[in-house]
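J.: Quick one: sequence and predicted model below, then my questions.
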Amino acid sequence: MITATKAIVLSTLKYGDAHLIVKCYTEIEGLKSYLLRGVLKSKKGKLKPAYFQPLNQLEIVANHNNKGALNSIKEASVAYHYTNIYQDIKKQTIVLFLSEMLSSIIKEKEQNKALFSYLETAFVWLDTNKHTSNFHLLFLLNLTKFIGFYPEIPKKKDTYFELLNGRFSESKPLQSHCQGNTVFQFKKLFGISFDALEAVQFSALDRQEILHVLIQYLELHLPELRKPKSLAVLKTIFS
């Protein structure tokens, strides 16, 4: 079936000398994987390897099958031209990290326009704003709204966060939890927009601890989640 849809590139894998396997999250049909034959060697083809950089936003015309095999892309164009995501080292590191996370997290093969719209809008914000050091933290927290386990909204007196149930409390939980300054800092992310991130102050250590909490929280709810290879690079860049 020929489908025209917006798509966000999650990952690319070189296959042989000339081919790419590309995983995309599409607006119309959720997660799809494509085999792009000869794209790395063809100089006259409609598909350019540069289109398939991590988190690039595309308009594609694709042949979608329902047999579990790889799909194919007939046409592709850039839906939104990033101005500096691929030039700014901090943004580039965030993009690599989040593309790995999303490749591991998103499994839906059904339409989810709310999730697609969130990804689309968030990455445009990342591209067009300067204060992005905490972007990945709020991005991952917000992402849990769309995949079904956003934490309970914390109260001012809460000093513990129970990871399994996503609950804040004043009393120490029996199960896996974080506490103290980590919880105090983590609570700063709740109820804010990306535009408010400029006013949120985290030390490098705070940022690492909050990221650790978020990844632990995701791992408990998504057992298949793989720790991204770019995590160490991300910690170095923002330390």
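T.: Cool, the structure landed.
J.: Which parts of this protein belong to which domain?
T.: By the assignment in automatic domain parsing, the chain contains the domains 2-80, 89-237.
J.: Of the ones you listed, which shows the lowest average pLDDT?
T.: When the domains of the chain are compared on mean pLDDT, domain 2-80 scores lowest, with a mean of 92.
J.: how long is that one end to end?
T.: Distance between the boundary residues of domain 2-80 (C-alpha to C-alpha, to the nearest Å) amounts to 22 Å.
J.: Run through the strands of the protein in chain order.
T.: Along the chain, the stretches classed as strands by DSSP state E are 2-15, 19-26, 30-36, 57-63, 72-80, 160-162, 167-169, 177-179.
J.: The ones you listed into a markdown table, with extra columns for distance to residue 118?
T.: All C-beta spots, glycine's among them, are computed from the backbone N, C-alpha and C. Supplementary listing: the strands of the chain in a markdown table, determined by distance: least, C-beta to C-beta, whole Å:
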| stretch | distance to residue 118 |
| --- | --- |
| strand 2-15 | 11 |
| strand 19-26 | 11 |
| strand 30-36 | 14 |
| strand 57-63 | 13 |
| strand 72-80 | 15 |
| strand 160-162 | 23 |
| strand 167-169 | 23 |
| strand 177-179 | 26 |
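J.: one step back: save the domains of the chain as JSON lines, and put in mean neighbour count too.
T.: JSON lines is the format used below for the domains of the chain (neighbours: other C-beta atoms under 10 Å):
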{"stretch": "domain 2-80", "mean neighbour count": "17"}
{"stretch": "domain 89-237", "mean neighbour count": "16"}
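J.: could you measure the closest residue to residue 198 other than its chain neighbours against residue 196, distance?
T.: On the basis of C-beta to C-beta, 6 or more residues apart in numbering, the spatially nearest residue to residue 198 that is not a chain neighbour turns out to be residue 131, at 4.1 Å. Here the distance between residue 131 and residue 196 works out to 10 Å (C-beta to C-beta, to the nearest Å).
J.: And the helices in the protein?
T.: Remark: helices of the chain, listed N- to C-terminal, are 89-105, 113-128, 135-147, 181-186, 204-221, 231-237; assignment by DSSP state H.
J.: Show me what the last one is packed against.
T.: In terms of contact count using 3 or more C-beta pairs under 8 Å, 6 or more residues apart in numbering; DSSP states H and E, helix 231-237 is assigned the packing partners helix 89-105, helix 204-221.
J.: Export only the CA atoms of it, formatted as PDB.
T.: Taking only C-alpha atoms (Å, rounded to 0.1, in the frame of the first residue of the first chain), the coordinates of helix 231-237 have been written out as PDB:
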ATOM      1  CA  LEU A 231      25.100   8.100  27.500                       C
ATOM      2  CA  ALA A 232      28.800   8.400  28.500                       C
ATOM      3  CA  VAL A 233      29.300  11.100  25.800                       C
ATOM      4  CA  LEU A 234      26.300  13.000  27.000                       C
ATOM      5  CA  LYS A 235      27.500  13.000  30.600                       C
ATOM      6  CA  THR A 236      31.000  14.200  29.500                       C
ATOM      7  CA  ILE A 237      29.600  17.100  27.400                       C
END
